[in-house]
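> I would like to see how this sequence folds:
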Amino acid sequence: MLDMVEIDYIRRLRNKRKLSITDIAEKLEINWRTAKRYADGDLDPDEKPKRNRKSPVMEPYVNIVDAWLAENMKAPRKQQRTAKAIYDQLKEHTDFSGSARTVRRYVSKRRKELIDKEKETYVKLTHDPGTAQVDFGEFKAINSEEDRLVTYPYLVVTFPHSNAQIVRVTPAENIECFLEALKDIFNELGGVPKVLWFDNLSPAVKKVLKGNKRELTKTFTAFKWHYRFEASFCNVGQGHEKGSVENKVGYVRRNWMSPPPVINEVAEFNDHLKEEMVSDRDRDHYKKKEKIAKLFEEDKDALLYLPTEEFEVVRTETAVANKYGEIKVNRKFYHVASAYPNQQLFLKIYWNRIVAFDEYGEKKLTTLPRKYVPKNTDDIDWTGELKIFKNKPRAIEQAAYLQALPAATKEYLLPEDLTARRERIKVLISLLEDYEMSEVEIAINSATRENKSDKEYLKAILAYGNQRPLPKPDQSGTLARYDQLRPEGVISNE
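Below is the predicted model of the structure:
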């Protein structure tokens, strides 16, 4: 017989929420006749539930066994304690005098209760420790080697219970980068969130079906099984259902990606972000008024254990070499030197490399670094940026884009004397109207070697193309040294 709380719940489902007997039976996972009896039947108030038999032998040890079973719920199936292992540990570490059968009976009953409790728990988006939300964002960064603004994706995993977040910048949003970043985050956490909420990300969701069902990609499914987390997906167009991570994507961009940072190595920038995210937890939760770091420990305590073996994030496919020995992967060509025309190759594609084998997958031919072309790149408007500081020469020291200036140009712009600094900003603006920054950098380098910085000298170098050694400085004070820069055949007006 069910207890009165359960009976009352069944009758409320039937009378208040108007559920059918079948729906009630499925919701509570009970027999249809049982649901019918308590939903619509007359109840005898004097009918008493059966009393559970107590086991005096087990009673002193139930807390120990319950703790071991709770650990089992976090561990992979193959690493969970069996009833026999629990019995053996009790005998070895305590003065337990009961039989193996007593332990098996208790373990069976208690395990079922824990599983049922897990099933009945409705995972709320912002309540439970160990529940996380996942999403991608985008930001612009400065590539100082190319003097360009590059758009990077970044993955944010946030824990609504503690309001903590972890961030990884990735080269792209493909399945390999996505899962490699998630795996790296799991390793940093030392565990796996029980439930991960996602938008309908293309690396994870192959097709959105009716209701809340999704057809997942093969690689994501294998990844999910390996790490044993539950994947939940928001309704289409309802990103607010995972509002915690939606807010965190903007929070991270505003605080660590604005103004645009300089990124030459993504791995180095990710190391910087790790330190920043840890420091960010040293503040109070906006609502709970406790340190985020303390609440985050509760999140970590609720994580599943990491599997003993890491998941290899790899995709396999075949490709045919063209007449130049090239293969095409994701619309990019890679040269395989030892491949002959029309040879079919077997490929293992990782986030950062492609390993090519012969058609049988037996002989390794080569390993190629994977190519990534940024989604969006923009030239830096150096003239526009410098005009901002034309009348504010002191403030240029804090300019975001100053970090991306070539070394000689940066040094040229920052003399201690503010009047000279203002003039040099104007000179650089004037030069950039006709020449590229790379050309100006070469000219400034040459002028610096000659201990010159005036505008006319720089213009003369740029006009001449910096193709022959600069003339020796003229000590006479005349303009004769500039005549040496004139192409042959050009007559002076002197």
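
> where does the protein have its least confident helix or strand?
Across the helices and strands of the chain, mean confidence by mean pLDDT, DSSP states H and E is lowest for helix 480-483: a mean of 53.

> Give me the neighbour count for residue 215.
Around residue 215 there are 10 other residues, counting by other C-beta atoms under 10 Å. In this view, the C-beta of every residue, glycine as well, is placed from N, C-alpha and C.

> quick one, strands of the stretch 101-250 of the chain?
Taking DSSP state E, counting those that start in this stretch, the strands of the stretch 101-250 of the chain run over residues 131-143, 148-159, 164-169, 195-198, 205-208, 214-216, 230-233.

> For the nearest residue to residue 142 once chain neighbours are set aside, give its distance to residue 380.
The spatial neighbour of residue 142 that comes closest, neighbours along the chain excluded (C-beta to C-beta, 6 or more residues apart in numbering), is residue 404 at 4.2 Å. Shown here: residue 404 relative to residue 380, a distance of 6 Å by C-beta to C-beta, to the nearest Å.

> Looking at those two, which is more packed in?
Neighbour count, other C-beta under 10 Å: between residue 404 and residue 380, residue 404 has more, with 23 against 19.

> So which residues of the stretch 251-400 of the chain form helices?
Shown for the stretch 251-400 of the chain, the helices assigned by DSSP state H, counting those that start in this stretch span residues 266-280, 292-301, 382-388.

> Give me the buried positions along stretch 417-431.
Judged by neighbour count using 16 or more other C-beta atoms under 10 Å, the buried positions of stretch 417-431 are 421-429, 431.

> quick one: contacts of it?
With contact meaning C-beta atoms under 8 Å, 6 or more residues apart in numbering, stretch 417-431 is reached by 382-383, 386-387, 389-391, 393-394, 396, 409, 412-415, 440, 443, 453, 455, 458-459, 462.

> now the stretch 201-350 of the chain, which segments are flagged as low pLDDT?
Counting by pLDDT under 70, the stretch 201-350 of the chain shows low-confidence ranges at 211-212, 235-242.

> okay, which residue is most central for this protein?
Centrality entry for the chain: nearest residue to the mean C-alpha point is residue 155, 2.6 Å, by C-alpha atoms, centre = their mean.

> before we move on, back to that, okay if I get the helices of the stretch 251-400 of the chain as a markdown table plus mean neighbour count and distance to residue 183?
What follows is the helices of the stretch 251-400 of the chain, written out as a markdown table (neighbours: other C-beta atoms under 10 Å; distance: least, C-beta to C-beta, whole Å):
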| stretch | mean neighbour count | distance to residue 183 |
| --- | --- | --- |
| helix 266-280 | 14 | 13 |
| helix 292-301 | 17 | 17 |
| helix 382-388 | 16 | 39 |
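
> by contact count, what packs against the longest helix belonging to the chain?
Counting residues, the longest helix in the chain under DSSP state H turns out to be helix 100-120. Using 3 or more C-beta pairs under 8 Å, 6 or more residues apart in numbering; DSSP states H and E as the contact criterion, the neighbours of helix 100-120 among helices and strands are helix 62-74, helix 83-93.

> Please identify the buried residues of stretch 245-264?
Within stretch 245-264, the residues that qualify as buried by neighbour count (16+ other C-beta under 10 Å) are 245-249, 251-253, 256-257, 260-261, 263.

> An error on my part: the question was meant for stretch 447-459.
447, 452-453, 457-459.

> Alpha carbons only: can I get that stretch in CSV?
These are the backbone C-alpha positions of stretch 447-459, laid out as CSV (Å, rounded to 0.1, in the frame of the first residue of the first chain):
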residue,chain,number,x,y,z
ALA,A,447,64.5,56.8,-39.8
THR,A,448,65.2,55.8,-36.2
ARG,A,449,68.5,54.3,-37.3
GLU,A,450,69.4,57.6,-38.7
ASN,A,451,68.1,59.4,-35.6
LYS,A,452,65.5,61.2,-37.6
SER,A,453,61.8,61.6,-36.9
ASP,A,454,60.5,64.6,-39.0
LYS,A,455,57.6,64.1,-41.4
GLU,A,456,59.5,65.1,-44.6
TYR,A,457,62.2,62.5,-44.0
LEU,A,458,59.6,59.8,-43.4
LYS,A,459,57.7,60.8,-46.5
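
> pLDDT of it, averaged?
Averaged across stretch 447-459, the pLDDT comes to 84.

> Next: stretch 180-197.
When pLDDT is averaged over stretch 180-197, the result is 94.

> how about the CA coordinates for that stretch, as PDB?
Presented in PDB, the C-alpha positions along stretch 180-197 are these (Å, rounded to 0.1, in the frame of the first residue of the first chain):
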ATOM      1  CA  GLU A 180      37.600  19.300 -26.700                       C
ATOM      2  CA  ALA A 181      36.700  22.500 -24.900                       C
ATOM      3  CA  LEU A 182      34.100  20.700 -22.800                       C
ATOM      4  CA  LYS A 183      36.500  17.900 -22.000                       C
ATOM      5  CA  ASP A 184      39.100  20.400 -20.900                       C
ATOM      6  CA  ILE A 185      36.500  22.100 -18.600                       C
ATOM      7  CA  PHE A 186      35.600  18.700 -17.100                       C
ATOM      8  CA  ASN A 187      39.200  18.100 -16.300                       C
ATOM      9  CA  GLU A 188      39.600  21.500 -14.700                       C
ATOM     10  CA  LEU A 189      36.500  20.800 -12.600                       C
ATOM     11  CA  GLY A 190      37.700  17.300 -11.600                       C
ATOM     12  CA  GLY A 191      34.200  16.000 -12.400                       C
ATOM     13  CA  VAL A 192      31.200  16.100 -14.700                       C
ATOM     14  CA  PRO A 193      28.000  18.000 -14.200                       C
ATOM     15  CA  LYS A 194      25.000  15.700 -13.800                       C
ATOM     16  CA  VAL A 195      22.900  17.700 -16.200                       C
ATOM     17  CA  LEU A 196      24.000  20.100 -19.000                       C
ATOM     18  CA  TRP A 197      21.600  22.400 -20.600                       C
END
